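Chemist: All I have is the shape, not the residue letters:
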């Protein structure tokens, strides 16, 4: 095992260079495509700024994927549900008007939503994956798909098919404050998104570096069997990984809520994009997953800007397939356990 | 005449040399054993020769043909087969079907013949069944032909794996620790089986920890330590080689009592 | 115990004989059921009809759909159940077949195909088989690189492939000038299939046609499973490295079965296009791929007979939820369907991952074995007077 990690590390460096090269080529290609519209520098900066907003959310979702995958070896198809549950529940709680202050309503509602989503994450792990922990990967895939279907169906039942409205954090109304710098437009909600994501990442870093639990989880992520031999309860870690993924997804969904009109099925798209980001980051490494999310957000937004709107989703999935094909060696590693 | 020639074979995993400039030849028809402490690179050597892993440098030739760069199934189809240290029978099939998969390369009928069950497919299927059964008779598993392979004992699964490999009509078979986990009686059966293979003209290369077995049947023995060849010769020569004794004393007590 | 005394050569035939009799029963049951239902519907003896008998649950229309899905599922089961390679984008191939037929039978003139060809009765059939070949070839080309991935990664890659095909269908294959796929609205006025002047419509005729193809595909699937290809698929599922070690070209075999499953999906798609007379891209998205996986898991992944069973069970459950739930909860639409299928998937995968057919059969055998054992224990204890 030690031998294998060595070779992966060596390969990792060359893949980073490969990714960097691919990004440069893609940016040049996108700019070439965009030249048809006479875009100026400001337009491109605008694409990047808007792309970083979506990218920050992808990064959070990607972190959830990586955490669950590293600890349990499962790719959780139900991840998207967490992203949807966050804003949907926040809106429901907000509309209860428990407190005289709108801001307090929103804040408490968001906290409650995050907590409940975490419970949902724990429930998914405990009640669906834990009983099948020795099953083949194929079985686990279908189980998480089942969880996704059931929860999304439940959301449709509760919130209906229509889009909901979440107030912008700064104004607490639909209209958001916006700032102009020259030709550049910046919404206040973007600042909320970036600062929340930064704080979340900082807390996550502290959790992994400073707490016993975080260290135990990292040990699990590096080598499950060795961690178990050292007395770490791997089953508990799996549950915590799901809770963590749920929290990350819910936080991302909530801060994104005011700019998207949340619907019951918003999770599919965001979940898959988060997965693509995780793949770009190599599925193993937390900072790389964040980078992957930001990259995907920016490039995808540029792509959408220079082509038809209908093609927006194409980008992430073509990148997904290309990325999967470029790094099969690293990726097929942990899967081999499921063989025979 | 040599059936397998390995020259200056190296395998590097990151910074670690798993195999370093290993050179040896296996003569047609002999039983060639590879021994060495755990982590000496024996299984890595098998993985390189069978094409499961690419070599870092060096040359491997089978019947004078270069093996480097060939895929595992291409090497197997040329008559060089291997078994695995951790038994890998197809548990989702019967014992007979396991051996029939081993004879896959000896069958020709196409997907269309199969889908429409044309006479060509039927005739070949019948012959295949008989051939597979003959291999099972050889190793003594014929009475259990229709049982699920997963239902066999560990030792029998090892034997089945060998039968499956034999179904390819190999000229060279590489057995990776065939005696591991077997009972004493099963090891004796294995001993007889290997000798019978030699009589049929099949060259046998085996990695084995059971020294009694190795010293009893091997014509020549090669000793690996830390990825390097430290000795090669007849069992008697190897047993009295000082470096070999040192290597084993360093790791463990010398396992011949 | 008798089996032990038979000569080895005879016993070696045992498996085949058992498989043969099981398949024979399968055919018989399916033919009797379908024949019976078809007969009732076509002849309508004594003013009886299927919808009347079953309270509107079963219609010939629905049974025709079961046949169409069975064709897709036989391919999917070969791929997922036997070879162990997951596909979450199978609806893409189904859609490729449907749109290939739809476009070439309605827009032939715009594509510069002479009317003498496109008006001939055999044109639609030709297109159908060309579509199978084309889709199969596409799948082979996609499959060679993609099937190197395993498990979750393969699932995600096939999902991505499905989404890409869906977006292309929705966006007019990226050439809006030609308006080939009709965008969101799809293609309509697709002609019915004909043999000479004999039009295969109304649904009674189409039902017979579809099930003719379905039986053909089931037979084909069973033959493949019991051939050297079937064994190779199972070998790949059990251990890829062991399969390679005995000379199986694993990657080629996987791509081949992927291509075959795609060709079958394309056949079903073409038949669907001529059945529905209109196709829209929304039918072939991620949701449809998921539904196929659900059907496959319900019926039993590694079983050809699971295919018709899974398709029937899922469509019946959908129909039940659609018609019955509204009686209990007025105003409810598709919500419960998703919840029910989600929970169903989880329960089946945890309790019987081999699917309902195999799972229930095993449970029955266990139950019977336990009963026999109980009786034997009781009998052996009786003479001792300790009941």
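Modeler: Now that the structure is in, tell me what you want to look at. Just so it is clear, the model here is predicted, and its values are computed rather than measured.

Chemist: Which positions in the stretch 51-200 of chain C make contact with chain A?
Modeler: Counting by Cβ under 8 Å from any Cβ of the partner chain, the residues of the stretch 51-200 of chain C lying close to chain A are C:80, C:84, C:86, C:145-146, C:148-153, C:155-157, C:159-161, C:163-164, C:167-168, C:170-171, C:174. Backbone N, C-alpha and C define where each C-beta goes, glycine included.

Chemist: Nearest residue to the middle of the chain?
Modeler: Picked chain A for this. Centroid check for chain A by Cα atoms, centre = their mean gives residue A:61 as the closest residue, at 1.1 Å.

Chemist: my question was about chain C
Modeler: Most central in chain C (Cα atoms, centre = their mean) works out to residue C:73, at 1.7 Å.

Chemist: Could you find the closest non-adjacent residue to it?
Modeler: Distances taken as Cβ to Cβ, 6 or more residues apart in numbering or on different chains put residue C:307 closest to residue C:73, at 3.7 Å, once the chain neighbours are dropped.

Chemist: I'd like the average pLDDT over stretch A:207-226.
Modeler: Averaged across stretch A:207-226, pLDDT comes to 86.

Chemist: mind listing what's buried in it?
Modeler: A:208, A:214, A:216-221, A:224 (16 or more other Cβ atoms under 10 Å in any protein chain shown).

Chemist: What of stretch C:274-294?
Modeler: Burial within stretch C:274-294, assessed by neighbour count using 16+ other Cβ under 10 Å, is assigned to C:274-276, C:279-281, C:283-294.

Chemist: Kindly report the same for stretch B:169-189.
Modeler: Applying 16+ other Cβ under 10 Å to stretch B:169-189 flags B:170-180, B:182, B:186-187 as buried.

Chemist: wait, does it make contact with chain C?
Modeler: No - on the criterion Cβ under 8 Å from any Cβ, stretch B:169-189 is out of touch with chain C, staying 9.6 Å away.

Chemist: Return the distance of that stretch from the chain's centre.
Modeler: Here the centre of stretch B:169-189 is set off from its chain's centre by 8 Å, with Cα atoms, centre = their mean, to the nearest Å.

Chemist: which helices and strands does the one helix or strand in chain B whose mean pLDDT sits lowest pack with?
Modeler: Lowest mean confidence among the helices and strands of chain B (mean pLDDT, DSSP states H and E): helix B:242-251, at a mean of 76. Packed against helix B:242-251 by the contact rule (3 or more Cβ pairs under 8 Å, 6 or more residues apart in numbering or on different chains; DSSP states H and E) you find strand B:220-225, strand B:228-233.

Chemist: Could you check how sure the model is about the helix or strand containing residue A:238, as an average pLDDT?
Modeler: Using DSSP states H and E, residue A:238 maps to helix A:234-256. Average pLDDT, helix A:234-256: 93.

Chemist: hmm, the next helix or strand after that helix touching chain C?
Modeler: Remark: after helix A:234-256, the chain's next helix or strand is helix A:266-280, criterion DSSP H and E. Yes - residues of helix A:266-280 are located near chain C by Cβ under 8 Å from any Cβ, namely A:268, A:272, A:275, A:279.

Chemist: Name the nearest of the residues you listed relative to chain B.
Modeler: Closest approach between the residues of helix A:266-280 next to chain C and chain B, by Cβ to the nearest Cβ: residue A:279, at 23.3 Å.

Chemist: Now the closest one: closest residue in space that isn't a chain neighbour?
Modeler: Closest to residue A:279 by Cβ to Cβ, 6+ apart is residue A:323, at 4.9 Å.

Chemist: rewinding a little: can you name the helix or strand that the residue nearest to the centre of chain C falls in?
Modeler: Secondary structure (DSSP H and E) places residue C:73 in helix C:60-77.

Chemist: after that helix comes which helix or strand?
Modeler: Assigned by DSSP H and E, the successor of helix C:60-77 is helix C:90-106.

Chemist: Widest-spaced pair of the residues of helix A:266-280 next to chain C?
Modeler: A:268 and A:279 (16.7 Å; Cβ to Cβ).
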